[in-house]
Each structure stands twice: as structure tokens, then as C-alpha cells.
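Undergrad: here's my sequence, what's the structure:
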Amino acid sequence: MSRLLIKRWRSSVKTTRLFLCLVAFLGATFAGNPADADELVHFESAPIKLSPFRIRKANELGENLPQPQGTPLLGYVSRPQGDGPFPAVVVMHGCGGMRLRDLWPKRLVSWGYVVLVVDSFTTRNIKDTCQSYLPDRVFDAYGALDFLSKSSFVDAQRVALMGFSAGGTATLEGTKIEGNEQLMDRKFRAAVAYYPLCAASQGDATVPTLILSGDRDNWSPADRCRKRLAGLSDNSPPIELNIYKGTYHDFDAPEFKVGRRVFGHIEKYNPDAAEKSISSVHTFLQKYLSN
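TA: Numbers count the residues shown, from 1 in each chain. As a prediction, the model looks like this:
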């Protein structure tokens, strides 16, 4: 009987050891690869500041102006291993919502960047803006910048803004001269816009900018971006425009390998254009977010 008990005890110890080894292995695996997990964070969009003229008039009339408030937002932070401080990228999704939760954050983290993907829709109870425009998203981007700037693991002087489709349009609007950027205390260092809707009226940029577009994209025509570049002054920070031949909207998105038509526009993955664009983004960020 005693031999049987000893045998069972030894078997139990062996099983426990195997279990603890498995737990340790899994813990090390997940701890060493933080890019696989993102953290839900809460912050506010940058408040719309009152103009000096409005403040002066209120003072003259003895009015008490309410303190501007931002809109509560959600976001998802991914970061490299270590204490940092790291350069960072604020990512703005397109009109269809949050399809950027995995691929680009993992890629950017592997390059050494903290990533904050901004969710502009959930707290506003918006499903999509594919047939409308949400100008408040520029303030969302600067609220995200302010949030990251308070994080000890982020270098607040090295943060880029990156957007896709409608998020790319917000990126260009948020980094144009004489736009809302001039009202913000903190500034982005660079901007990347995938297939945005350009406008000649956007004028000069306030930061170095990379625009990536397809020549068959009839949702965000590349010609509009050409026209903007043609009107830049000699004082504008550089704007690089990469146009990929035979390429449609969402050309970097592998989920659209088959292609689809949305509101009369084609969205289709192009692996060659995607690879070239990713390489361009890597080089661009390395150039403008380096120490």
C-alpha cells in the first residue's frame, strides 16, 4: 500500500512540474511578443479652442464662456518590448470603421513604433461615414497625440500621423497649412496617407508627407493629389506622392484579394503595390522619426 502511495505521489509531482513548465513557457512567449495584444484605452479628442476674437468679444460683453470639451474616444495601443521612449504612430481608420486592429499595428511595432489606432465611431454610435464626412476626426488625431505624449514610453517629439482612405483624408486635413493644426499645442512630426481624397485647396503641408495611391482608384483619384502637389509653394515641407499602376482602392488590404465593389468603387488587394508601399512607409518613417 505504501509503495502505491509513493508511486502516485511521484506521478503527481511529475505532472505538476510539467504543468508549471508549460505555464512558464507560455508566459515567456506572450510576454516576449507584446505586438500580438493591444490595450484598450480611453481618451478625448482635442477640444475645439475658442478663437482669440471670440474670447475678446466675450470679455467685452462680460460673458462667461464654457470650457471647451473633447469627445470621449476609444483607442488601441500596441507597443514594442522595453521601456522606451519610442517613436509612435497614430493610425486613423477608413470610413468603414476598425479594420486596422491587427496587420498594420503589428507591422509598425515590429519596426520599433508605439501604435495608437483611434476608434472614431464607437463612442459616437456611428457605423460608417462612407457616404458622408466627419470633420471632427482631425481633433480625434490630436487628442490621440496628446494622450500618447503623456505616456512615459513615447517620445512626444517623434510621433507621426497615418491614415487610410477617409482616415488618410483626415491625415491631410490635419497637417495642412492654415488648418486646425495651428490651434494645437502639440504637433505631429510626419504624415502618411494611404489612398486619401486630396484637394488642391489643402495647399502646403505642415510636416513631411507621404501619399500612396492607385492609378485606377476612382474613390480617391490620384489626379487630385497631383493637382495639390502642383500648387505647393517653395516653402512647403516635402510631399512625396507614390502612384501605383493598375491599382485600386485598399490595395494594401489582403482581405480584398478577390476584390469587391462598394458604392460603385472597386476595392482590391494588389500584392506588388502593397509590398512597394510598405517599403516606402518603412523608409519614410525611419527618415523622419529617427533621432
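Undergrad: what stretches of this protein score poorly on pLDDT?
TA: Applying pLDDT under 70 to the chain flags the ranges 1-37, 49-58, 60-61, 65-68, 100-101, 259.
Undergrad: spell out for me which residue occupies the centre of it.
TA: Val91 (0.4 Å; Cα atoms, centre = their mean).
Undergrad: once you drop chain neighbours, what's closest to Asp252?
TA: Once flanking residues are discounted, Asp252 sits nearest to Ala274: 4.3 Å by Cβ to Cβ, 6 or more residues apart in numbering. From N, CA and C alone the C-beta is placed, and that goes for glycine too.
Undergrad: which helix or strand contains the one you found?
TA: helix 271-289 (DSSP states H and E).
Undergrad: give the contact list for Met92.
TA: Residues in contact with Met92 (Cβ atoms under 8 Å, 6 or more residues apart in numbering) are 118, 120, 137, 140-141, 161-164, 166-168, 170-171.
Undergrad: actually Ser151, not the one I typed
TA: Applying Cβ under 8 Å, 6+ apart, the residues near Ser151 are Val114.
Undergrad: got it, and Glu181?
TA: 138, 142, 174-175, 187-188, 206.
Undergrad: so which of these belong to helices?
TA: With DSSP state H as the criterion, helices contain 138, 142 from among the contacts of Glu181.
Undergrad: out of the contacts of Glu181, which one sits closest to Ser213?
TA: Checking the contacts of Glu181 against Ser213 with Cβ to Cβ, the nearest one is Thr175 at 16.6 Å.
Undergrad: find the nearest non-adjacent residue to the closest one, please.
TA: Spatial nearest neighbour of Thr175, excluding adjacent residues (Cβ to Cβ, 6+ apart): Ala191 at 4.4 Å.
Undergrad: look up how far Arg216 lies from that neighbour.
TA: Distance of Ala191 to Arg216, given as Cβ to Cβ, to the nearest Å: 24 Å.
Undergrad: can you get me the start-to-end distance on stretch 125-136?
TA: For stretch 125-136, the first-to-last residue distance is 14 Å (Cα to Cα, to the nearest Å).
Undergrad: go on, stretch 122-139?
TA: Per Cα to Cα, the first residue of stretch 122-139 is 16 Å away from its last.
Undergrad: what are the phi and psi values for Trp82?
TA: Let me fix one detail, which is that residue 82 is Gly and not Trp. Main-chain dihedrals, Gly82, degrees, to the nearest 10: phi 110, psi 170.
Undergrad: for the residue lying closest to it once chain neighbours are set aside, give me its contacts.
TA: Distance criterion Cβ to Cβ, 6+ apart; nearest residue to Gly82, sequence neighbours excluded, is Phe153 at 7.9 Å. When the contact criterion is Cβ under 8 Å, 6+ apart, the partners of Phe153 are 79, 82-86, 114.
Undergrad: just checking, Val91 touches Val117?
TA: Yes: between Val91 and Val117 there is a contact at 4.6 Å, judged by Cβ atoms under 8 Å.
Undergrad: TSV for the contacts of Glu181, including distance to Ser280 and neighbour count?
TA: Shown next, in TSV, are the contacts of Glu181 (distance: Cβ to Cβ, whole Å; neighbours: other Cβ atoms under 10 Å):
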residue	distance to Ser280	neighbour count
Val138	24	27
Tyr142	25	24
Gly174	21	27
Thr175	18	29
Lys187	23	16
Phe188	18	24
Thr206	21	19
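Undergrad: out of the contacts of Glu181, who's nearest Leu241?
TA: Nearest to Leu241 among these: Thr175, at 14.6 Å, using Cβ to Cβ.
Undergrad: circling back to that earlier point, the residue nearest to Asp252 reaches Asp250, doesn't it?
TA: No: counting by Cβ under 8 Å, Ala274 stays clear of Asp250, with 9.8 Å between them.
Undergrad: I appreciate the help and will end here.
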